[in-house]
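[1] how would this look folded up:
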Amino acid sequence: RSMMVSPNEINTGVAKRLSMENEDDGDNDDNDEELPFDQSLASNSSCESSTDDNSEESADDYEGDLFDLLPDDVLGKVLFSGYVDTLGLIKSLSCVSKRTQKVAKETVKMLDLRGCKHITPGIMGSIVTRFENVSTINLNYCTQFSGSHLLKMVPWSNTLQELHLRGSAVQDGEFQNFLTAVEKQINGPSHLKVLDLSAIAKEGKLRIQDCDVIQISNSCPNLKWLRLGFCSGVTNFSIKSLGRLRFLNTLDLSLCTISSESCETLSTMETLKSLDISATRVGDAGIRNLFQVTSESPNSVAASDLAAYATSPSSNNRPNKHIKYESRLEVLRMQFNNDFSADTLRLIVSRAPMLKKLDLSHCTGLQKDESKASLRALKRNGTVIVDEYGASGIAVSSPHSVSRRRSDSFETL
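    Sure thing, here's the model as predicted:
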């Protein structure tokens, strides 16, 4: 782990610490200007003390640990950088000085414990007591993590903003109970902004269901990023409640039990920028609902206009008098869907001018000849087309332009 602290910051911190100790011995200086470490020591050694010569200190004369000279904020950056990623490091804190424990408790804000399969509720409670300002915790694929572990995290209610539980063992209703406890703890809604509950499912048992999603919509009004992929217990019934999330910009509904009905709600979410509806029953009808197009609407886009829009190289020549709505979507994933037609692609071209990435992997139902014009139009607009099995017949962009990593929230585009 790289140290996110500069040498000048260390020098300045050591100089401050030394000057504070000298002030206690009566060796005060009217000049408040901060000097680099070397200059500060030289200045101290040349000054005449009003008490005795033993009150003057230098780095060579200091017999203790150099870390003792660092202020708490600098020491926190040197040791942790606000980040802890192993249970071993957490356990080792019991063997260090009380000051180091205090610094860790106040400065560590991110815990990455993904893949730890032996976290018990007791261990989780110990972790919570050792770090009081945690805002992000990643517990992805901690297969023993359940509702009893979640309740141990209630003391973090005031600071916790990102929670990653992909592949954990949280049961139906347990996350709902956790959010209820959080609201009682802080006497208000949760501060969560990022929540990953994807892949919380087990054969023969649905672990995340509609009641949990409805509780999330009611208790997490500030949510910006929500992953529910592989949660087959999530249906159209609870998707309607997601319309309350006014700040939501990333939503993963892959492999959820949803249909075109859910897209009516999704179309009203103006802040939504990334949507994953892979392996669902959305189909052509869902895409029309997503972009607010109905066959009965007099403002619906005519097929001839869509074809002209897709093939026209200039936006000035594209017919737009029939276009009623333009989506703000930047990322749209539709993998493993064979119910999408070339007309759907033409609709996406006309209604999603801000689209940066379109994932059509395993969409074998697309006809190459019919979809080529629409896909070329998307590529001209700068959209990255992901098509692993070549169903579209269009060459994809280089892999490095397809995804990018966000280290502050473990998010991928």
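[2] Spell out, range by range, the strands that occur in the protein.
    Listed in chain order, the strands of the chain (DSSP state E) span 83-84, 110-112, 136-138, 162-164, 194-196, 225-227, 250-252, 274-276, 331-333, 357-359, 384-386, 405-406, 411-412.
[3] quick one: which of these has the weakest pLDDT on average?
    Ranked by mean pLDDT, the strands of the chain bottom out at strand 405-406, with a mean of 36.
[4] on that earlier part again, now the strands of the chain as CSV including mean neighbour count and distance to Q185?
    Backbone N, C-alpha and C define where each C-beta goes, glycine included. Shown next, in CSV, are those (neighbours: other C-beta atoms under 10 Å; distance: least, C-beta to C-beta, whole Å):
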stretch, mean neighbour count, distance to Q185
strand 83-84, 19, 23
strand 110-112, 19, 19
strand 136-138, 22, 16
strand 162-164, 23, 15
strand 194-196, 22, 17
strand 225-227, 22, 22
strand 250-252, 22, 27
strand 274-276, 22, 31
strand 331-333, 22, 35
strand 357-359, 21, 39
strand 384-386, 18, 42
strand 405-406, 10, 28
strand 411-412, 14, 26
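[5] how about those, which one is nearest Q176?
    With C-beta to C-beta as the criterion, Q176 lies closest to strand 194-196 of the strands of the chain, at 13.0 Å.
[6] Quick one: list the elements packing against that closest one.
    For strand 194-196, the elements it packs on are strand 162-164, strand 225-227, judged by 3 or more C-beta pairs under 8 Å, 6 or more residues apart in numbering; DSSP states H and E.
[7] so which of these comes closest to T271?
    For T271, the closest of the helices and strands packed on strand 194-196 is strand 225-227, at 11.3 Å, according to C-beta to C-beta.
[8] I'd like to know how many residues surround L151.
    Using other C-beta atoms under 10 Å, L151 is surrounded by 16 other residues.
[9] closest one to R99 among the strands of the chain?
    strand 83-84 (17.1 Å).
[10] circling back: will you turn the strands of the chain into a markdown table that also has distance to I214?
    Putting those into a markdown table (distance: least, C-beta to C-beta, whole Å) gives the following:
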| stretch | distance to I214 |
| --- | --- |
| strand 83-84 | 34 |
| strand 110-112 | 28 |
| strand 136-138 | 24 |
| strand 162-164 | 18 |
| strand 194-196 | 14 |
| strand 225-227 | 13 |
| strand 250-252 | 15 |
| strand 274-276 | 20 |
| strand 331-333 | 24 |
| strand 357-359 | 28 |
| strand 384-386 | 32 |
| strand 405-406 | 28 |
| strand 411-412 | 24 |
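[11] Show me the one of these that comes nearest S219.
    Of all the strands of the chain, strand 194-196 comes closest under C-beta to C-beta, at 10.6 Å.
[12] So what are the sheet partners of the closest one and their directions?
    strand 162-164 (parallel), strand 225-227 (parallel) (DSSP bridges).
[13] Helices of the stretch 251-400 of the chain, start to end?
    Secondary structure of the stretch 251-400 of the chain by DSSP state H, counting those that start in this stretch: the helices cover 260-266, 283-290, 303-311, 342-351, 368-380.
[14] Most tightly packed of these?
    When the helices of the stretch 251-400 of the chain are scored by mean count of other C-beta atoms under 10 Å, the highest mean neighbour count falls to helix 342-351 (a mean of 24).
[15] for it, packing partners?
    Helix 342-351 sits against helix 283-290, helix 303-311, helix 368-380, with contacts defined as 3+ C-beta pairs under 8 Å, 6+ apart.
[16] re earlier: weakest of the helices of the stretch 251-400 of the chain in terms of mean pLDDT?
    Lowest mean pLDDT within the helices of the stretch 251-400 of the chain: helix 303-311, a mean of 42.
[17] Okay, now the unreliable bits of the stretch 201-350 of the chain?
    Along the stretch 201-350 of the chain, segments meeting pLDDT under 70 span 201-205, 293-325.
[18] Show me the shaky parts of the stretch 51-200 of the chain.
    Scanning the stretch 51-200 of the chain for pLDDT under 70 picks out the ranges 51-83, 85, 93-95.
[19] OK, contacts around F237?
    D210 (C-beta atoms under 8 Å, 6 or more residues apart in numbering).
[20] D343: which of the strands paired with strand 194-196 is closest?
    Using C-beta to C-beta, these put strand 225-227 closest to D343, at 29.7 Å.
[21] Output the helices of the stretch 251-400 of the chain in TSV, with distance to T136 appended to each entry.
    What follows is the helices of the stretch 251-400 of the chain, written out as TSV (distance: least, C-beta to C-beta, whole Å):
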stretch	distance to T136
helix 260-266	27
helix 283-290	31
helix 303-311	42
helix 342-351	34
helix 368-380	35
